[in-house]
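Trainee: Could you look at this predicted model? Sequence included:
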Amino acid sequence: MTTTETAPVIPLPARAATTLTGLGALATAASAALPWTWTSDFPGDLTYTGAPAGLQWLAIAAGVLTLVLLLATQGTPGLRWAAPTRSNNAVLLAATGALAVAAYSVTAITVELGGLANLEPGGWILAGGGLLTVLGALGLPLDRRTAVPVRILDKRLFLLLPAAPLGWYGAHAIPDDQPVAPVMTALSGALAIAAGAVLLLQLGHLANSWLRLGKADRPLPPPRRLPSWVEVLVIIAAFGAGLYAITFGIDTEYGELFTGYLLLAALVAAALTRSGLITRLRTLTVQHRPVTTGAAFAAAASFPFTQSSDQYTSVATNILIFATVALGLNIVVGLAGLLDLGYVAFLGVGAYAAALVSGSPASPIHVQFPFWAAMLTGAAVSMVFGVLIGAPTLRLRGDYLAIVTLGFGEIFRITMLNLNGTTGPKVTNGSNGIPRIPDLEILGFDLGKPHTVAGIELGRFSNYYLLMLLVTALVVLVFARVGNSRIGRAWVAIREDETAAEAMGINGFRLKLLAFALGACLAGLAGTVQAHVSYTVTPDQYTFADALPPNSAFLLAAVILGGMGTISGPLVGATLLFLIPKKLEFLSDYQLLAFGAALIVLMRVRPEGLIPNRRRQLEFHEAATPAPPTGEPTALTKAGA
Amino acid sequence: MTTAAAPLLDVTGVTMRFGGLTAVNDVSLTVGEGEIIGLIGPNGAGKTTFFNCLTGLYVPTEGSVRYRGTLLPPKPHLVTQAGIARTFQNIRLFANMTVLENVLVGRHTRTREGVFSAILRGPGYHRAEREGREKAMELLAFTGLAEKADHLARNLPYGEQRKLEIARALASEPGLLLLDEPTAGMNPQETRAAEELVFAIRDKGVSILVIEHDMRFIFNLCDRTAVLVQGEKIVEGDRETVQTDERVITAYLGAPLEGTTPAVTETDQ
Ligand SMILES: Nc1ncnc2c1ncn2[C@@H]1O[C@H](COP(=O)(O)OP(=O)(O)OP(=O)(O)O)[C@@H](O)[C@H]1O
Ligand SMILES: [Mg+2]
């Protein structure tokens, strides 16, 4: 157990620290009113006075939030609700958000336009403001650990530092036409990355032992009881704010803005968690479950109404498809604990089934099922495949299943490729897929045509978005209800200890098969909508790993990153995993690398996922819970069973 | 098939071989209605293996197990469904589920609600769920864990984890309960409490077959005790018969079987 104290990192008089933070936050926000750069070449056009754009809005948000949290922790009447814990660490996190936006913006302008000369006074104020905020916040009394040993990495690792430029030089000294050139380039690249990692790690350790920031056990004061309708309004407002924040992220038009947005969003989330606001909100949502569900659904449903064109509703529709499939996978992985590496194939089965009965001229079956029948077909066919794959494999335990499902995923894709009329019967047109899938028509409502609702025109993607939202809601309902029932408990029991579960009368094989079939069925359901949304189904949409979701690897990542066994976890994880590659196309070649690195960091910092299951949080962060039992209850040897 | 005189559990000639090792050798045993039977023996004698043969975790190489006159299939969940529940020597709770959820899982075979019922949540579902919770809470009260219903199983102290294993096993409404070293790792007070608990369970009409190393516990509780040495049942009978048996004394290295001799009460985990 580490002990904590409350002390500033930079010894400043309390008054000075507060003033400095406040002034810095104000400057950060105010800089947005001035031009940051002189040319409109930088995306977003930051050249106007008094008309903030793009990144400048982020600076305003960061500045204002820091200010609000600062005033709240100082006990300003009327603002105290924003920081029930009164932790200055929340202020520091928000201030770091301001600095992150400032540093990122200034760097991006400097690098993209070539030099600091491109900064206008607004840019300088921004940089200064960001720095001041953090310096001031470091002078506030912070929750810190009393002792953190200085850690120095293995000294031999530092040999990498000079080796990196040497390797680099070596690679460039060899003429390109030499056969070893690519090898040397790769080698030097690897050296440079390794050296960078060592440097960053060491800097991280040093910063950690200097800052010693920690989390003190700050009990939340009991919430003030508000009239019920006010609490409901608060929940609605919170979801409104959430919708606004997510809409902002989806609507970002260029990678720079999205990067800034992600940085700020992560730090704001951390700040609000530390301030205790999130816990407060969660308490409210638990008290008003139906309102919360309704508000969440309403917020999601109003997304298309915030859009002036279909450009981002198409993104949002695909996010919904991806998130829904991830939630289905969460039944298999998160609840029943079965590692399925080929899950995307079930989406594919559903999509192909729907495409074949859609009336597409390319389908060999010349039928056009009505919408509901097509959906049932997709779900049913997918479920049958789930049972067919599961039945022979689910009797095995452990890693076999992962291998077999991985194989099944690939077999599905290759089979779809081969049913092209030359290498097999003509069913799927091979790599050309089944194109020209007609739009759905539900009760005379053509989803392919724009419709005007409440004065707002909803385009094709908006229609599909709303349809998909219904499917998502259905999957959420199934997950929530089945997960919290006799069947769901049996799944979790199997995940926890299959032998003990069987000794409690659970038919392990049958329940695993049920999880597999239900998961497949839900993915198939999503697939039927996906086929219509994307007009065409092709085999290469359903691979194991790819730079773009959905694919099995990304689905699994969404579940694990978001939080296994939860509902909101995979939804959040899928949204992030969809948006990041979509928005950061400039990373292109390094996308997967950056992605892998980010995942490793996240899993290191937050192994239970972004939105932890109540259970898993307890599992990974034992310190906060009562002392664990003295015995060794989980020695799972068969001999001792 | 069932005759009035048939014992609750009738094990005939069970043998379990692992390759060349015969862990259990031709063991026969009966447990009657309302009996508490003890099973003792030195470490590695094959007691746990014998339990595993009864509960379908292992398929015995030879021999048969009958419960209420019917042959038991070697499938754990079918055995539990038939009415035999068990606990484990090295506790195997569902560590990341709450105490209440652990017991509810124990009721799995006594409830029917499937996926559709769970999704539709009709009145039948709610009734079953409510009944399940009531019964589970009753069992938690019975074992003295009611206060901890919402704790994670992994956070319970050791003694309470053992109690929870018993509550979970009882949730399947068994006719016969197999306890594998229920007092291992407990202090004397806890052991006394466990004795009371075993009697209380028997008074509910559940027969018990218990493995223990604590001789006082065994002789206080059991109507009969069987001794297993190197996979073979060398003697079976009441306290007198077992304590005075030459082979039992030699098997326990000549240690007198009075009270709680360290060499005997010590358990290996
Ligand atoms: N799955 C298995 N494979 C091989 N050998 C096994 C297996 N299970 C048990 N054994 C062996 O069978 C013998 C009996 O083991 P068992 O666990 O039944 O003893 P026990 O009487 O329960 O002892 P303890 O008092 O230590 O619990 C041991 O030699 C053990 O190594
Ligand atoms: Mg044993």
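Mentor: Nice, thanks for sending it over. Here the structure is a predicted model, which means the values were calculated and not measured. Ligands and ions are numbered 1, 2, ... in the order given.
Trainee: residue ranges with poor pLDDT in the chain?
Mentor: In the absence of a named chain, chain A is used. Along chain A, segments meeting pLDDT under 70 span A:1-2, A:398, A:586-588, A:614-641.
Trainee: um, chain B though
Mentor: For chain B, the stretches flagged by pLDDT under 70 are B:1-5, B:253-269.
Trainee: the strands in it, which residues?
Mentor: For chain B, applying DSSP state E gives strands covering B:9-18, B:21-31, B:36-40, B:62-67, B:70-71, B:84-86, B:176-180, B:207-211, B:224-229, B:232-237.
Trainee: Out of the ones you listed, indicate the one that is most buried.
Mentor: strand B:84-86 (a mean of 28; mean count of other C-beta atoms under 10 Å in any protein chain shown). All C-beta spots, glycine's among them, are computed from the backbone N, C-alpha and C.
Trainee: immediately after the helix or strand hosting A:A95, which helix or strand?
Mentor: Per DSSP states H and E, A:A95 falls inside helix A:88-113. As assigned by DSSP H and E, the chain's next helix or strand after helix A:88-113 is helix A:121-138.
Trainee: in that next one, what's buried?
Mentor: By neighbour count on 16 or more other C-beta atoms under 10 Å in any protein chain shown, the buried set for helix A:121-138 is A:122-123, A:125-138.
Trainee: Ok, stretch A:16-29 next?
Mentor: Neighbour-count burial for stretch A:16-29 [16+ other C-beta under 10 Å]: A:A17, A:T18, A:L20, A:T21, A:G22, A:L23, A:G24, A:A25, A:L26, A:A27, A:T28, A:A29.
Trainee: from what I can see A:A480 touches A:G565, true?
Mentor: No: using C-beta atoms under 8 Å, A:A480 is not in contact with A:G565; the gap is 11.7 Å.
Trainee: Name the residue in the two with the higher neighbour count.
Mentor: A side-by-side neighbour count of A:A480 and A:G565, using other C-beta atoms under 10 Å in any protein chain shown, places A:G565 first with 28 against 15.
Trainee: Which residues are in contact with A:A298?
Mentor: By C-beta atoms under 8 Å, 6 or more residues apart in numbering or on different chains, the residues touching A:A298 are A:F239.
Trainee: so it is in which element?
Mentor: Judged by DSSP H and E, A:A298 forms part of helix A:289-301.
Trainee: Following the chain onward from that helix, which element is next?
Mentor: Going down the chain from helix A:289-301, the next helix or strand is helix A:311-330, by DSSP H and E.
Trainee: okay, the angle between the next helix or strand along the chain from that next one and helix A:311-330?
Mentor: Downstream of helix A:311-330, the first helix or strand assigned by DSSP H and E is helix A:344-356. Relative orientation of helix A:344-356 versus helix A:311-330 (axes from the mean of the first three to the mean of the last three C-alpha atoms, to 10 degrees): 120 degrees.
Trainee: ok, and for the helix or strand that helix A:344-356 is followed by, which residues are buried?
Mentor: Next along the chain after helix A:344-356, taking DSSP H and E as the criterion, comes helix A:371-393. By 16+ other C-beta under 10 Å, the buried positions in helix A:371-393 come out as A:371, A:374-379, A:381-386, A:389-390, A:393.
Trainee: Identify the bridge partners of the residue nearest the centre of chain B.
Mentor: Of all residues in chain B, the one closest to the mean position by C-alpha atoms, centre = their mean is B:L178, 1.8 Å from it. Counting by DSSP bridges, B:L178 is bridged to B:R86, B:L209.
Trainee: Name all residues that make contact with it.
Mentor: Contacts of B:L178 by C-beta under 8 Å, 6+ apart are B:F51, B:L54, B:T55, B:I84, B:A85, B:R86, B:T87, B:I208, B:L209, B:V210.
Trainee: Looking at those residues, spot the one nearest A:L203.
Mentor: B:T87 (52.4 Å; C-beta to C-beta).
Trainee: correct me, but that closest one touches B:A184?
Mentor: No: counting by C-beta under 8 Å, B:T87 sits too far from B:A184 to count as a contact (10.5 Å).
Trainee: Next, show the common contact partners of the two.
Mentor: Common neighbours of B:T87 and B:A184, using C-beta under 8 Å, 6+ apart, are B:R162.
Trainee: Specify which residue of those two has the higher count of neighbours.
Mentor: Neighbours were tallied for B:T87 and for B:A184 using other C-beta under 10 Å; the higher tally belongs to B:T87 (27 against 22).
Trainee: Please state the backbone phi and psi of that one?
Mentor: Phi and psi for B:T87, reported as degrees, to the nearest 10, are phi -120, psi 170.
Trainee: nearest spatial neighbour of it, skipping sequence neighbours?
Mentor: B:E165 (4.2 Å; C-beta to C-beta, 6 or more residues apart in numbering or on different chains).
Trainee: can you list the residues of the stretch 101-250 of chain B near chain A?
Mentor: B:101, B:104-106, B:108-109, B:111, B:113-115, B:117-119, B:121, B:125, B:128-129, B:132, B:152, B:154-158, B:161, B:168-169, B:171-172, B:185 (C-beta under 8 Å from any C-beta of the partner chain).
Trainee: Just the residues you listed: which are in helices?
Mentor: Among those, the ones falling in helices (DSSP state H) are B:101, B:104-106, B:115, B:117-119, B:125, B:128-129, B:132, B:158, B:161, B:168-169.
Trainee: Any idea how many residues pack against A:P425?
Mentor: Residue neighbour count, defined by other C-beta under 10 Å, stands at 10 for A:P425.
Trainee: Distance check, the nearest residue to it once chain neighbours are set aside against A:A355.
Mentor: Counting by C-beta to C-beta, 6+ apart, A:P425 lies nearest to A:L419, which is 5.9 Å off, once chain neighbours are set aside. Taking C-beta to C-beta, to the nearest Å as the measure, A:L419 falls 12 Å from A:A355.
Trainee: and A:L67, what element?
Mentor: Following DSSP H and E, one finds A:L67 within helix A:55-73.
Trainee: Could you check how far that helix is from the centre of its chain?
Mentor: 23 Å (C-alpha atoms, centre = their mean, to the nearest Å).
Trainee: List every C-alpha atom in that helix, with coordinates, as CSV.
Mentor: Written as CSV, here are the backbone C-alpha positions of helix A:55-73 (Å, rounded to 0.1, in the frame of the first residue of the first chain):
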residue,chain,number,x,y,z
LEU,A,55,-8.8,23.5,-33.0
GLN,A,56,-9.6,26.9,-31.5
TRP,A,57,-12.9,25.5,-30.2
LEU,A,58,-10.9,22.8,-28.4
ALA,A,59,-8.8,25.5,-26.8
ILE,A,60,-11.9,27.2,-25.5
ALA,A,61,-13.3,24.0,-24.2
ALA,A,62,-10.1,23.1,-22.4
GLY,A,63,-9.7,26.6,-20.9
VAL,A,64,-13.2,26.9,-19.7
LEU,A,65,-13.3,23.4,-18.2
THR,A,66,-10.0,24.0,-16.4
LEU,A,67,-11.4,27.2,-15.0
VAL,A,68,-14.7,25.6,-13.9
LEU,A,69,-12.9,22.8,-12.2
LEU,A,70,-10.5,25.2,-10.5
LEU,A,71,-13.3,27.3,-9.2
ALA,A,72,-15.1,24.2,-8.1
THR,A,73,-12.2,22.8,-6.1
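Trainee: Tell me the helices and strands packed up against that helix.
Mentor: For helix A:55-73, the elements it packs on are helix A:14-30, helix A:88-113, helix A:121-138, helix A:255-275, judged by 3 or more C-beta pairs under 8 Å, 6 or more residues apart in numbering or on different chains; DSSP states H and E.
Trainee: Kindly present the ones you listed as CSV, with separate columns for distance to ligand 1.
Mentor: Shown next, in CSV, are the helices and strands packed on helix A:55-73 (distance: least, C-beta to the nearest ligand atom, whole Å):
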stretch, distance to ligand 1
helix A:14-30, 63
helix A:88-113, 50
helix A:121-138, 58
helix A:255-275, 47
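Trainee: Fine by me, we can end here.
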